[in-house]
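Colleague: let's see this in three dimensions:
(3 chains)
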Amino acid sequence: MGQIEDRITAMGLALPPPVVVPPDVQLPFSFVNVCGNRAIVSGHGPQGPDGTVTGPFGIVGHDVSVDQGYDSARLVALSMLGSLHRELGTLDRISHWVKALGMVRCGSDFTQQPAVINGFSDLILELFGPDVGRHSRSAVGMTSLPFGIPVEIEAEVLLHS
Amino acid sequence: MGQIEDRITAMGLALPPPVVVPPDVQLPFSFVNVCGNRAIVSGHGPQGPDGTVTGPFGIVGHDVSVDQGYDSARLVALSMLGSLHRELGTLDRISHWVKALGMVRCGSDFTQQPAVINGFSDLILELFGPDVGRHSRSAVGMTSLPFGIPVEIEAEVLLHS
Amino acid sequence: MGQIEDRITAMGLALPPPVVVPPDVQLPFSFVNVCGNRAIVSGHGPQGPDGTVTGPFGIVGHDVSVDQGYDSARLVALSMLGSLHRELGTLDRISHWVKALGMVRCGSDFTQQPAVINGFSDLILELFGPDVGRHSRSAVGMTSLPFGIPVEIEAEVLLHS
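Modeller: Numbering: from 1, shown residues only, chains lettered A, B, ... in the order given. Here you go, the predicted model:
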């Protein structure tokens, strides 16, 4: 296990298994696509410990509170780290976080997307530190997201050569 | 003509000509921007054989069915391949698909964005195969898109040096 | 000062200072993240001369006209150039614009996202010229954006080595 994996365990957290989607859903793409020293991470949602897509489902600001959205964004980070761990063998291969596009399912009057996506950014920075974990980011409001999830995030990282 | 172009013809498909937009619309950007061995592909919509932006227009899940959205996403792939062909000379220069951001115009309760964007991913994988065609992806719900199109997708590919 | 900075001054424009956000807002990410010869630019909104996030706030097509949205997108470009100037020392280090994702807060029937984001593209092309300023772009409709801003744009540029 790598140092980042140890840190995850020490924080009492765990990487979820591969996502389990409903049987009629086809996802013909790669959760992580390694291109040279870049790893492009597909849009991930929050996963439960059994791998299923997990709630609370709904619209942030209506059905889902900002604090719950923050927790969902933290679960998205763990889901993404699970995919990266499976693809890379160890998260220690990540040399730098590049960017994240944080998408929040919300209504037309919602303005706290940054507070929601901070659940992702805070965990990445805590695990990787301010140098490796430093990333660009957008946090924006979507009409809706797959499976009714409240948060979806896509990202890019660089790898040690 | 390249091998990918031959495959498109053999499938009974055709690359559309450059997009024809209404006369009062200005699009001061590049449909494909080549930066070293990367080609960045702007957001594309579905085109008809005459180059115009084509329907069905409307909101997927209301005016446009998921199956129709799938077909639109397939047309978006062809539109993008047309732009790449014009910029690169031949699609055989593409060494790897990197990523796609699939945006579906839909309502707040729509959750089948992946089934719509599969129209894009399935065609890319069929044409380029599982190695070159492998890509990361997000599929998300937008309030609205230019011209009333139901699907817009942006992408990145790598080029043979 | 660099040539681009001189051009900005000659046009009667000015780069805004670092963004001033409300005291309860945490933004734990980098406005510009330099990765080798790439600079990844976080989602930026329109800023006033004092650095605060500036209006007109609201929904483009309802509260905010397309022309006002165009002006906001132009302010977003200046905000982004301010961040790039602070990170890079001089904007002359930019060798190429790569891409922009232009996000417009709007209703479900709005279709003029390109006309809004042209406020960004036109200024970038005017300042950097058609070669360096050439960029890929998407212009799409969002349910809502942070702080009620009408336009948010993220981007990537390449740097001279």
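Colleague: contacting residues for A:Val41?
Modeller: A:31-32, A:80, A:83-84, A:154-157, B:136 (C-beta atoms under 8 Å, 6 or more residues apart in numbering or on different chains). (Glycine included, C-beta is placed from N, CA and C.)
Colleague: do the same with A:Thr143
Modeller: For A:Thr143, the contact set (C-beta under 8 Å, 6+ apart) comprises A:105, B:106-108, B:110, B:141-143, C:108, C:143.
Colleague: apply 10 Å and report the result again.
Modeller: By C-beta atoms under 10 Å, 6 or more residues apart in numbering or on different chains, the contact list for A:Thr143 reads A:59, A:105-108, B:59, B:104-110, B:140-144, C:108, C:141-144.
Colleague: check A:Ala14 too.
Modeller: A:5, A:8, A:49, A:78, A:82.
Colleague: could you list which of those residues belong to helices?
Modeller: A:5, A:8, A:78, A:82 (DSSP state H).
Colleague: what about the helices in chain A?
Modeller: With helices called from DSSP H, chain A shows them at A:3-10, A:66-88, A:113-132.
Colleague: now tabulate these in a markdown table and tack on distance to A:Ala100.
Modeller: As requested, those are exported to a markdown table (distance: least, C-beta to C-beta, whole Å):
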| stretch | distance to A:Ala100 |
| --- | --- |
| helix A:3-10 | 17 |
| helix A:66-88 | 9 |
| helix A:113-132 | 6 |
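Colleague: was I right about A:Leu123 contacting A:Ser72?
Modeller: No: in this structure, A:Leu123 is not within contact of A:Ser72 by C-beta atoms under 10 Å, at 11.8 Å.
Colleague: out of those two, which sits in the busier spot?
Modeller: Between A:Leu123 and A:Ser72, counting by other C-beta atoms under 10 Å in any protein chain shown, A:Ser72 is the more crowded of the two (27 against 22).
Colleague: my read: A:Asp67 touches A:Gly119, true?
Modeller: Yes: here A:Asp67 reaches A:Gly119: they are 9.1 Å apart, a contact under C-beta under 10 Å.
Colleague: between the two, which has more neighbouring residues?
Modeller: Neighbours per residue (other C-beta under 10 Å) separate A:Asp67 from A:Gly119, with A:Gly119 holding more: 25 against 11.
Colleague: ok, the nearest residue to that one once chain neighbours are set aside - contacts?
Modeller: In space, and not counting its chain neighbours, A:Gly119 is closest to A:Ala73: 3.2 Å by C-beta to C-beta, 6 or more residues apart in numbering or on different chains. Applying C-beta under 10 Å, 6+ apart to A:Ala73 gives the contacts A:46, A:60, A:100, A:102, A:104, A:113, A:115-123, A:139, A:150-153.
Colleague: do that again at 6 Å, thanks
Modeller: A:116-117, A:119-120, A:151 (C-beta atoms under 6 Å, 6 or more residues apart in numbering or on different chains).
Colleague: that older thread, and the ones in helices among the contacts of A:Ala14, which two are the farthest apart?
Modeller: Based on C-beta to C-beta, the longest span within the ones in helices among the contacts of A:Ala14 runs between A:Glu5 and A:Leu78 and measures 11.7 Å.
Colleague: of these two, who's got more company?
Modeller: A:Leu78 (21 against 17).
Colleague: for that one, give me the pLDDT.
Modeller: A:Leu78 carries a pLDDT value of 98.
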